[in-house]
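Novice: Predicted coordinates and the sequence they were generated for:
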Amino acid sequence: MQDTSIHISNGRQGTAIVLALVFATILLQLAISYSGLIGQTRPQTELIDERVRLHYLSKGLTEIALLKFQKFPSDFYNCWRHQASTSANVSFWLDTNGPLARYTIEAPEMKEYKTTGFSESTSSFNTRPICFNLTEMRLMTSNRWNVEVLQIKANAHYTTRSGKAINVDAIRTVRTERVTLR
C-alpha cells in the first residue's frame, strides 16, 4: 500500500510562518496607532458632562436670584419703578448702572459668583476657573392681561484644557402675582 497522506515541504512551512509574522506585525502596528488616537481624543461623555455642569451652575444662579426676589419683592419693585421712571432708555432693564442693576446683576452677592468660580475644587473638570454671572433680571407686565413675568438670565463660561471655550446660558421665566397688602 502506498502512503496517501499529504506531505508539506519544508519550504512552504517557512513561507507560512513568515506570512503569519508579517500579518501579526501589521496588526500590532494598527492596534498601537489606534490606541494612540483614542488616547489623544476626549470622550464625548466628558464634553457633555462639562456642558451639563455649566448648565446647572447657571441654573443655580437663577435660583438664587429668584430666591432674592421672593424674599425682598418690594426692594425689587422699588428699584424697577425708579429705574423705569428715570431712564431715557426704553429697555431700561439693560442699563448696567441704575438702581435695578445694583440690586440684581451688580449686587455683591451676585458679583461674588462672577469672579471666584470653583478654583478650590479637586475635580478634573475644574483645572481652570469657571466664571458664571447673572446677566439680566427683568420684569415684564401686561395690564391688558393682568400678568407679570419675571425673567432671569445667567451665563456660565469655561475654557477647557484644549483651549476650547464653552459658554452656557440659562433662562428662568416665572409668572408672578403682585398683591397689595392693606
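Specialist: Happy to help now that I have it.

Novice: Report all helices and strands that the longest helix belonging to the chain contacts.
Specialist: Here the longest helix in the chain is taken by residue count, with DSSP state H as the criterion, and it is helix 10-40. When contacts are defined as 3 or more CB pairs under 8 Å, 6 or more residues apart in numbering; DSSP states H and E, helix 10-40 packs onto no helix or strand at all. Any C-beta I mention is one placed from the backbone N, CA and C, and that applies to glycine too.

Novice: how about the helices in this structure?
Specialist: Defined through DSSP H, the helices belonging to the chain, from first to last, are 10-40, 44-71, 73-86, 99-103, 108-115.

Novice: Of all those, which one is nearest Thr173?
Specialist: Between Thr173 and the helices of the chain, the tightest spacing by CB to CB is seen for helix 44-71, at 9.6 Å.

Novice: Can you check what angle separates that closest one from helix 73-86?
Specialist: Using axes from the mean of the first three to the mean of the last three CA atoms, to 10 degrees, the direction of helix 44-71 lies 90 degrees away from that of helix 73-86.

Novice: and helix 44-71, how far from the chain's centre?
Specialist: Using CA atoms, centre = their mean, to the nearest Å, the mean C-alpha position of helix 44-71 is found 8 Å from that of the whole chain.

Novice: Could you check it and say which residues are buried?
Specialist: Taking 16 or more other CB atoms under 10 Å as the neighbour-count basis, helix 44-71 is seen to contain the buried residues 50, 53-54, 57-59, 61-62, 65, 68-69.

Novice: Which neighbouring elements make contact with that helix?
Specialist: Judged by 3+ CB pairs under 8 Å, 6+ apart, the packing partners of helix 44-71 are helix 108-115, strand 131-142, strand 147-159, strand 165-176.

Novice: JSON lines for those, including distance to Ser87, mean pLDDT and mean neighbour count?
Specialist: Formatted as JSON lines, the helices and strands packed on helix 44-71 follow (distance: least, CB to CB, whole Å; pLDDT from 0 to 100; neighbours: other CB atoms under 10 Å):
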{"stretch": "helix 108-115", "distance to Ser87": "20", "mean pLDDT": "65", "mean neighbour count": "13"}
{"stretch": "strand 131-142", "distance to Ser87": "12", "mean pLDDT": "82", "mean neighbour count": "18"}
{"stretch": "strand 147-159", "distance to Ser87": "18", "mean pLDDT": "86", "mean neighbour count": "19"}
{"stretch": "strand 165-176", "distance to Ser87": "21", "mean pLDDT": "89", "mean neighbour count": "14"}
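
Novice: nearest to Leu37, of these?
Specialist: Ranking the helices and strands packed on helix 44-71 by proximity to Leu37 (CB to CB) places strand 165-176 first, at 23.3 Å.

Novice: Could you list every helix and strand that that closest one packs against?
Specialist: Identification of packing neighbours for strand 165-176 by 3+ CB pairs under 8 Å, 6+ apart yields helix 44-71, strand 147-159.
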